[in-house]
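Q: I would like the atomic coordinates for the input below:
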Amino acid sequence: MRRLLDTAYLNQQVISLDSGQPEFSKMPWEYVDSAVSDGRVSTGKRKFAEQRAFLSQLESQYGVNAEIIAAIWGMESSYGVVTGNSSIPSSLASLAYDGRRQEFAETQLLSLATLLQRGDVSWSQLDGSWAGGMGQTQFIPDTWLKHGVDGDGNGHRNPWATGDALASTANYLSNSGWVRGLAPFYEATIPASFDYSMVGSKQPAARWAAMGVDTIADVYLDANTEMELWLPAGKDGPVLLLSPNFDVIKVYNNSSSYALGVSLLGKALAGQGGLQKSWPRYERPLSTAQVRNLQQRLTNSGYDTKGADGIVGTNTRLAFQRWQADNGQTPDGFITQRSASSLASW
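A: Now for the predicted structure:
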């Protein structure tokens, strides 16, 4: 550990990136557009074809869809091209020094020391993301320690090796509860008389069907499978039924937009179509300051957002959804300049 810390230095940029917030929250289609950009898809299809036999083997072994493994590879490192150029020891030591993520960073440093001792990581190969991500699918040290596997059969587990990275991603998703044969989401339609208070809840597939929520594609869903109804862009955007596998993808990045991006990239790599319903691209997001103001006004009006941090999270959406229901709006929970205008004081 002493040798590891001797290589570290305080990286102020890491601290700034960790504590920084974007000026404006992104609309979901902005994230999706980036995820399924022409370049990422075209390169991905070529890489997917090159690794098809191996990815099919992983799908058979771990149950995780081959295209989802490939999509995470594409999202995390552009298929192994961009693995990061920040000193991992310095990044983690800086996060530990900053204090906000001290326990997390200290755990990662200890795990990194174990990986160096075990031989998964070499002293000459310690560059990664500013947040400590390593290799082609950007594992943090502790997660690699727990879920990294030898995918290429050479007796070593190396996150920078393609075979090991892809196999470890499949293993990680499998260990996190991946359900074989289930897509991350299914696009659906809802009836005109739909009770929007059900948005965001998890119900058995059979109950959604009884409420008139129909999948667009002709797919079989086990009646007891818990599905969440998500309207990522409100009543005028796509309607999605999220399977448990959607949440599993979020172990990589706890963001619904990320999971949607991975899911849609996977569909593109497999030659499948994207969403049928168009995005309401005329809508505009709130700035961080405006979100904070909105949270304060909602809470003061009796719709508790559990804090005013300037981030549109689950609690804020649920509070806004309750406010919509009480104020003549369709309670879809979608916060935009237009939908929140009557609450605005900016």
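Q: Does residue 28 touch residue 230 like I think?
A: No - counting by Cβ atoms under 8 Å, residue 28 does not reach residue 230; the two are 9.9 Å apart. (C-beta placed from N, C-alpha, C; glycine too.)
Q: Quick check: neighbours shared by the two?
A: Common contacts of residue 28 and residue 230, defined by Cβ atoms under 8 Å, 6 or more residues apart in numbering, comprise residue 256.
Q: Tell me which stretches of the stretch 1-150 of the chain form strands.
A: Ranges of strands within the stretch 1-150 of the chain are 86-87, 127-128, based on DSSP state E, counting those that start in this stretch.
Q: Residues in contact with the last one: which ones?
A: Strand 127-128 is contacted by residues 83-88, 91, 134-135, 138 when judged by Cβ under 8 Å, 6+ apart.
Q: now do the first one
A: Contacts to strand 86-87, defined as Cβ under 8 Å, 6+ apart, come from residues 7-9, 11, 14, 126-130.
Q: how many other residues sit next to the residue lying closest to residue 14 once chain neighbours are set aside?
A: Distances taken as Cβ to Cβ, 6 or more residues apart in numbering place residue 94 nearest to residue 14, at 4.4 Å, with adjacent residues excluded. When counting by other Cβ atoms under 10 Å, one arrives at 25 neighbours for residue 94.
Q: And residue 94, how far from residue 123?
A: Distance, residue 94 to residue 123, by Cβ to Cβ, to the nearest Å: 19 Å.
Q: now residue 304
A: Remark: distance between residue 304 and residue 123 (Cβ to Cβ) = 50 Å.
Q: picking up where we left off before, any idea which of the contacts of strand 86-87 has the most stuff around it?
A: The most crowded member of the contacts of strand 86-87, judged by other Cβ under 10 Å, is residue 128 (28 neighbours).
Q: Test of understanding: give the bridge partners of that residue.
A: Assessed by DSSP bridges, residue 128 has beta-bridge partners residue 86.
Q: Quick check: it vs residue 60, distance?
A: 30 Å.
Q: Quick one: low-confidence residue ranges for the stretch 51-200 of the chain.
A: 99 (pLDDT under 70).
Q: before we move on, the earlier item: out of residue 304 and residue 123, which sits in the busier spot?
A: Comparing residue 304 with residue 123 by neighbour count (other Cβ under 10 Å), the higher total belongs to residue 304, at 15 against 9.
Q: Hmm, residue 318 and the more buried one touching each other?
A: No - Residue 304 is not in contact with residue 318 according to Cβ under 8 Å; the separation is 9.4 Å.
Q: Common neighbours of the two, please.
A: When Cβ under 8 Å, 6+ apart defines a contact, no residue borders residue 304 and residue 318 alike.
Q: Show me the protein divided up by domain.
A: 2-175, 185-242, 288-343 (automatic domain parsing).
Q: Take those domains and lay them out in CSV including distance to residue 276.
A: What follows is the domains of the chain, written out as CSV (distance: least, Cβ to Cβ, whole Å):
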stretch, distance to residue 276
domain 2-175, 14
domain 185-242, 6
domain 288-343, 19
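Q: Can you check which of those domains gets nearest to residue 268?
A: Comparing these against residue 268 with Cβ to Cβ, the closest turns out to be domain 2-175 (4.7 Å).
Q: Straight-line length of the closest one, end to end?
A: Its start and end residues considered, domain 2-175 measures 33 Å (Cα to Cα, to the nearest Å).
Q: tell me how far it is from the chain's mean position?
A: Chain-centre distance of domain 2-175: 13 Å, with Cα atoms, centre = their mean, to the nearest Å.
Q: give me every residue that touches the closest residue to residue 70 other than its chain neighbours.
A: In space, and not counting its chain neighbours, residue 70 is closest to residue 48: 4.8 Å by Cβ to Cβ, 6+ apart. Shown in contact with residue 48 (Cβ under 8 Å, 6+ apart): 55, 66-67, 70, 269-270.
Q: can you pull the pLDDT of residue 48?
A: Note on residue 48: pLDDT of 98.
Q: Next one: it from residue 153, what distance?
A: 21 Å.
Q: so is the residue lying closest to residue 216 once chain neighbours are set aside in a helix, a strand, or just coil?
A: Setting aside the residues directly before and after it, residue 216 is nearest to residue 187 in space (Cβ to Cβ, 6+ apart), at 4.8 Å. With DSSP: H, G, I helix; E, B strand; the rest coil as the basis, the three-state label of residue 187 is strand.
Q: How many residues are close by residue 187?
A: As a burial measure, residue 187 scores 17 neighbours (other Cβ under 10 Å).
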